[in-house]
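Chemist: let me see the structure of the following:
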Amino acid sequence: MNDRTIRWGILGTGNIAAEFARGLRDCPHAQLIAVGSRSIEKSRSFGQQFGIPHCYGNYERLVENPAVDVSYIATPHSLHRDNMSLALQAGKAVLCEKPLAINEEQAREAGALWGLRYRMKSRRGILASRQPSPAQVRTLL
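Modeler: Next up is the predicted model:
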C-alpha cells in the first residue's frame with residue numbers, strides 16, 4: 001500500500017461539502033488543505049470549522065494551489081461542469097458530487113472536452129436526465 005497522503009481541496013461550503021470534510025477525517029491518507037467559496041467569509045468560516053489552512057474567496061485560487069492534489073466539487077449543480085473544467089484544466093484530479101452536468105447536452109459537451117484531454121472514469125448516477133422523471137414513474141404505476 002502506498003503511504004502517500006492525498007491533499008484535498010473542496011469547492012463549495014454547503015452541507016455536502018461539510019459531510020465530505022467530516023468523512024475525510026477518518027481517512028488516514030487524506031488531508032483537507034484548501035476550501036474555496038464564492039464568499040471569502042463562508043470559506044473562512046468553513047476553514048475554521050474544519051481546520052483548513054488555505055481558504056479562498058473564489059474557485060480559481062483553490063485549483064491554482066500546487067499543494068492540492070484532488071478537487072472535490074460540492075458546488076450547486078449548475079456550476080459542476082464549469083468547476084470540473086476549471087479544476088481539470090489546472091491539472092487536478094477531480095471528484096464531483098453528482099450530477100456531472102444539468103442536462104444531456106452539457107454532459108456530452110463536457111465529455112467530449114474531457115475525454116480528449118483526460119482519462120475520465122464515471123460511476124452510475126452521473127447524469128440524472130437519463131432517469132425517469134417522477135411524472136413518468138407515476139404513469140407507469
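
Chemist: please tell me how far Ser78 sits from Gly51.
Modeler: Note on Ser78: its distance to Gly51, by C-beta to C-beta, to the nearest Å, is 30 Å. Yep, even glycine has a C-beta here, placed from its N, CA and C like the rest.

Chemist: contacts only, for Ser78.
Modeler: Ile102 (C-beta atoms under 8 Å, 6 or more residues apart in numbering).

Chemist: A helix includes it, no?
Modeler: Yes. According to DSSP: H, G, I helix; E, B strand; the rest coil, the state of Ser78 is that of a helix.

Chemist: number of residues surrounding Gly111?
Modeler: 16 (other C-beta atoms under 10 Å).

Chemist: that one in helix, strand or coil?
Modeler: Assignment for Gly111 (three-state DSSP): helix.

Chemist: show me what the spatially most central residue of the chain is bridged to.
Modeler: The residue lying closest to the centre of the chain (C-alpha atoms, centre = their mean) is Ile73, at 1.2 Å. Listed by DSSP bridges, the beta-bridge partners for Ile73 are Leu11, Cys96.

Chemist: for Ile52, grab phi and psi.
Modeler: Dihedral angles of Ile52 (phi, psi; degrees, to the nearest 10) stand at phi -90, psi 120.

Chemist: got the contact list for it?
Modeler: Applying C-beta under 8 Å, 6+ apart, the residues near Ile52 are 21, 32-35, 46.
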